[in-house]
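> make a model of this:
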Amino acid sequence: MRKAATLFGSDQVTDQWILDGMMKGDRFALEQLYETCFPTVERMVVMNTGTEDEAKDVFQEAVLVLYDKLTQQVGFELNCMLRTYLYAVSRRLWLKSLRDKNRFVPNGDVENVEPSEGDLSTMVETDLSVHLDKEAQFEKMEECLVELGEPCRQILLDFYMKGKSMQDICDSMGYTNADNVKNQKYKCLQRLKRLYFKR
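Purely as a prediction, here's the structure:
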C-alpha cells in the first residue's frame, strides 16, 4: 500500500474513501485509485493489441468519466465495485479506440480479463455517451476559437477560462479602457456563437 493506506489505515481505504478523496482533490486517494484499478485495465489493453501507454490514456479517460459523474450528478452512488466500473468504462473506450483506428479486434470484441459484476452495460453506455458528447463539444469550441483568430480568441480565453477582469485584459492587451474591451468581447462572443452553430 502507498502513503494513503499508511496514513489512514488499510481498513479505511475503501471505494467510498477513494471517491470522497477524488471530490476533494486528494492526491493520495488518486494514487490508491491507480494502484487498485489500473492493473486490470493495463492487462486488458495489452492483451488486446495495445501498449502500456495506450492503457494509461484509456484509464485516464475512464477516470474523467467517473469524475464527471461524481461532480455533476447529485447523490451519485456506485452500485458496483469501483474497479469494476472503471474496468467496464475502459474496456468500452478501448474497443471504440480500436474501431476508430481500424485496428484488429480479436473475435470482433475486446477480450475480457475481469468477470463482470451485475449488469453495468446500460450505466456505462450512458456515462460514456455523455462524456464523449462533452468532449466533442469542447473540440468543436476549440476549433471555432482557432478560426475566430486574434485578438478575439485571447480576450475570450482570458475572460472565461482564466477569470481575468476587463481591466486586467485592457492592461495586458493594450486597450485604451475597459469599456473598449467589453465591447470587443461582446462582438467576439457573437462571432463565436455564429461559428459554433454554423458547424
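
> now do the phi/psi pair for Phe76.
Backbone torsions of Phe76, given as degrees, to the nearest 10, read phi -60, psi 130.

> just say helix, strand or coil for Leu78.
coil (DSSP: H, G, I helix; E, B strand; the rest coil).

> thinking it is in contact with Val89, fair?
No - the pair Leu78 and Val89 does not pass the contact test of C-beta atoms under 8 Å, sitting 11.6 Å apart. The way it works is simple: take the backbone N, C-alpha and C, and place the C-beta from them, glycine included.

> joint contacts of the two?
The contact sets of Leu78 and Val89 do not overlap (C-beta atoms under 8 Å, 6 or more residues apart in numbering).

> which of the two has more residues huddled nearby?
A direct count of neighbours by other C-beta atoms under 10 Å for Leu78 and Val89 places Val89 higher, at 27 against 16.

> what's the closest residue to the more buried one other than its chain neighbours sitting at in phi/psi?
Using C-beta to C-beta, 6 or more residues apart in numbering and skipping residues adjacent in sequence, the residue nearest Val89 is Ala62, 4.1 Å away. Dihedral angles of Ala62 (phi, psi; degrees, to the nearest 10) stand at phi -60, psi -40.

> list the contacts for Ala62?
By C-beta under 8 Å, 6+ apart, the neighbours of Ala62 are Val41, Leu86, Val89, Ser90, Leu93.

> the helix or strand in which Val181 is found: how far from the chain's middle?
Using DSSP states H and E, Val181 sits in helix 178-198. Distance, stretch centre to chain centre, for helix 178-198: 28 Å (C-alpha atoms, centre = their mean, to the nearest Å).

> residues making contact with that helix?
So helix 178-198 is contacted by 140-141, 144-145, 147-148, 151-152, 155-156, 159, 165-167, 169-170, 173, 175 (C-beta under 8 Å, 6+ apart).

> mark which of the residues you listed are buried, thanks.
With burial judged by 16 or more other C-beta atoms under 10 Å, the buried subset of these is Cys144, Leu145, Leu148, Pro151, Cys152, Ile155, Leu156, Phe159, Met166, Ile169, Cys170, Tyr175.

> how about the helix holding Val181: buried residues?
Val181, Gln184, Lys185, Cys188, Leu189, Arg191, Leu192, Leu195, Tyr196.

> same question, stretch 18-35
Taking 16+ other C-beta under 10 Å as the criterion, stretch 18-35 shows Ile18, Leu19, Gly21, Met22, Asp26, Phe28, Ala29, Glu31, Gln32, Leu33 as buried.
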